[in-house]
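# Kindly return the folded structure for what I paste below:
(one chain, ligands or ions: 2)
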Amino acid sequence: MLETCILGKDHLPSLLRRLKKNHRLVAPVRNRQGDTLFTLIQELDQVDIDLENQAIASAKPYLFPQQETLFTYEISAAGDYRFTPLNSAADTIYFGLRSCDLAAILYMDVTFLGQAKDPYYLKRRENAILISIGCTQPFANCFCNATKSGPFLEMGYDLQFTDLGDRYFVEVGRIRGRELITRLGHFFTPAREEDKKAQYQLSLEARGNFHRQVQVERAIRRLREDRVPDAIWEALSRRCQDCSGCTYICPTCTCFTIRDQAVTADSGLRIRNWDACTFAGFTRMAGGHNPVDHQTQAIRRRFRHKLLHDVTRHGRPSCVGCGRCIDICFGGVDMARFVAMVCEE
Ligand code: SF4
Ligand code: SF4
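Ligands and ions are numbered 1, 2, ... in the order given. This is a model prediction of the structure:
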């Protein structure tokens, strides 16, 4: 069985074209404004696939849409409800995921496919093939080494690519990846010993290439010991502008709210939308009472959730070190800053 192989870089466009015949294709695309975003590709020839830059947002919205209609409802003349679920998901290949993006999908699995399985997420996940690319050169704000979610992964991917210059080293991780390689075998050649050595060497070197040292484990310990002074929460809360950019951009934030929208007097939609713990209305109750003092509690809740409660529940933080909250927060209230403040104490 072929477990590692080589794809010549000049074969990548043809491979993607071939994959697109049978699947939807989502990949990082550089747009006309120069931003790289995960994009559902319609015409491969008209887009610029970008494997060099970090996508501004992760692929989260394709597995957990920012807004989706869960079902429609109709009320009969007798007052009975009829519900029609809207749950379809085409086979989709996610190509060019970074290790942190893939680790975030594995975290979403824990959230949505635990005891109560979310059928909408489940369907999209069952129909997903995940192809990641290891980071030989971590981006400026990344710290996945500190969260053990990169720069290369040991599992979780269907295929993992490593850029070896003129070719990609391809590792098979799961059955759907193996099927894909078997079906499209003419694009690949067996990996040689020197390819394996080159990949191993690059993956080792990558660990030493991080620009930031973020001491996540130390911060987790201090949170566990309840040694985070109120002054830190207060300082960060004052800086937060309540925009929720950090939670929307975060690939592991999965809070949502549900509302019904009437279309006619006797029919309507049930809609699920992203929500965020940093919004003032997150804990507001019917009647307007808010049991949580938003001004001082929201930031505390966010970081404790990611680094304390999720570690207790799942044995690992729900931060994958992608650094996106560093890029987006104009108040400087990001994971790296929080960890630094806690560790300085
Ligand atoms: S922490 Fe930053 S990005 Fe998040 S809500 Fe506050 S200001 Fe916005
Ligand atoms: S908290 Fe920040 S660094 Fe961690 S996963 Fe979310 S966006 Fe990425």
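# which residues of the chain fall in strands?
Taking DSSP state E, the strands of the chain run over residues 4-8, 24-30, 36-40, 48-49, 67-75, 81-85, 92-98, 128-133, 159-163, 167-172, 188-190, 256-264, 267-274.
# Go through the ones you listed and name the closest to ligand 1.
strand 267-274 (13.2 Å; CB to the nearest ligand atom). Quick note: C-beta positions are derived from backbone N, CA and C, even for glycine.
# Keeping just the C-alphas, turn the closest one into CSV.
Coordinates of the C-alpha atoms in strand 267-274 are reproduced here as CSV (Å, rounded to 0.1, in the frame of the first residue of the first chain):
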residue,chain,number,x,y,z
SER,A,267,-44.6,29.4,7.4
GLY,A,268,-41.0,30.3,8.3
LEU,A,269,-37.4,29.3,8.8
ARG,A,270,-35.3,28.2,11.7
ILE,A,271,-31.9,29.9,11.3
ARG,A,272,-28.6,29.3,13.1
ASN,A,273,-26.1,32.1,13.3
TRP,A,274,-22.6,32.4,14.8
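# returning to that earlier point: mind putting the strands of the chain into TSV with distance to Cys243 and mean pLDDT?
Formatted as TSV, these follow (distance: least, CB to CB, whole Å; pLDDT from 0 to 100):
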stretch	distance to Cys243	mean pLDDT
strand 4-8	41	98
strand 24-30	25	98
strand 36-40	19	98
strand 48-49	30	97
strand 67-75	18	97
strand 81-85	33	96
strand 92-98	25	98
strand 128-133	30	98
strand 159-163	35	98
strand 167-172	38	98
strand 188-190	45	96
strand 256-264	17	96
strand 267-274	13	98
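# so which of these gets nearest ligand 2?
Using CB to the nearest ligand atom, the nearest of the strands of the chain to ligand 2 is strand 92-98, at 11.0 Å.
# Show me the contact partners of the closest one.
16, 19, 23-28, 38, 49, 51, 54-55, 59, 62, 105, 124, 127-133, 135, 150, 157, 322 (CB atoms under 8 Å, 6 or more residues apart in numbering).
# quick one on the thing from earlier: can I get the strands of the chain in JSON lines with mean neighbour count and distance to ligand 2?
Converted to JSON lines, these look like this (neighbours: other CB atoms under 10 Å; distance: least, CB to the nearest ligand atom, whole Å):
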{"stretch": "strand 4-8", "mean neighbour count": "18", "distance to ligand 2": "29"}
{"stretch": "strand 24-30", "mean neighbour count": "21", "distance to ligand 2": "16"}
{"stretch": "strand 36-40", "mean neighbour count": "18", "distance to ligand 2": "15"}
{"stretch": "strand 48-49", "mean neighbour count": "14", "distance to ligand 2": "23"}
{"stretch": "strand 67-75", "mean neighbour count": "15", "distance to ligand 2": "20"}
{"stretch": "strand 81-85", "mean neighbour count": "10", "distance to ligand 2": "31"}
{"stretch": "strand 92-98", "mean neighbour count": "25", "distance to ligand 2": "11"}
{"stretch": "strand 128-133", "mean neighbour count": "23", "distance to ligand 2": "16"}
{"stretch": "strand 159-163", "mean neighbour count": "23", "distance to ligand 2": "20"}
{"stretch": "strand 167-172", "mean neighbour count": "22", "distance to ligand 2": "24"}
{"stretch": "strand 188-190", "mean neighbour count": "15", "distance to ligand 2": "33"}
{"stretch": "strand 256-264", "mean neighbour count": "11", "distance to ligand 2": "16"}
{"stretch": "strand 267-274", "mean neighbour count": "16", "distance to ligand 2": "14"}
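# In a markdown table: these, plus distance to Lys196.
A markdown table is the format used below for those (distance: least, CB to CB, whole Å):
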| stretch | distance to Lys196 |
| --- | --- |
| strand 4-8 | 6 |
| strand 24-30 | 26 |
| strand 36-40 | 30 |
| strand 48-49 | 26 |
| strand 67-75 | 42 |
| strand 81-85 | 47 |
| strand 92-98 | 22 |
| strand 128-133 | 17 |
| strand 159-163 | 10 |
| strand 167-172 | 8 |
| strand 188-190 | 11 |
| strand 256-264 | 43 |
| strand 267-274 | 42 |
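# just how off-centre is stretch 318-337 within its chain?
14 Å (CA atoms, centre = their mean, to the nearest Å).
# what do you get for stretch 279-291?
On CA atoms, centre = their mean, the centre of stretch 279-291 falls 28 Å from the chain's centre.
# what's the span of that stretch from first residue to last?
End-to-end distance of stretch 279-291 (CA to CA, to the nearest Å): 14 Å.
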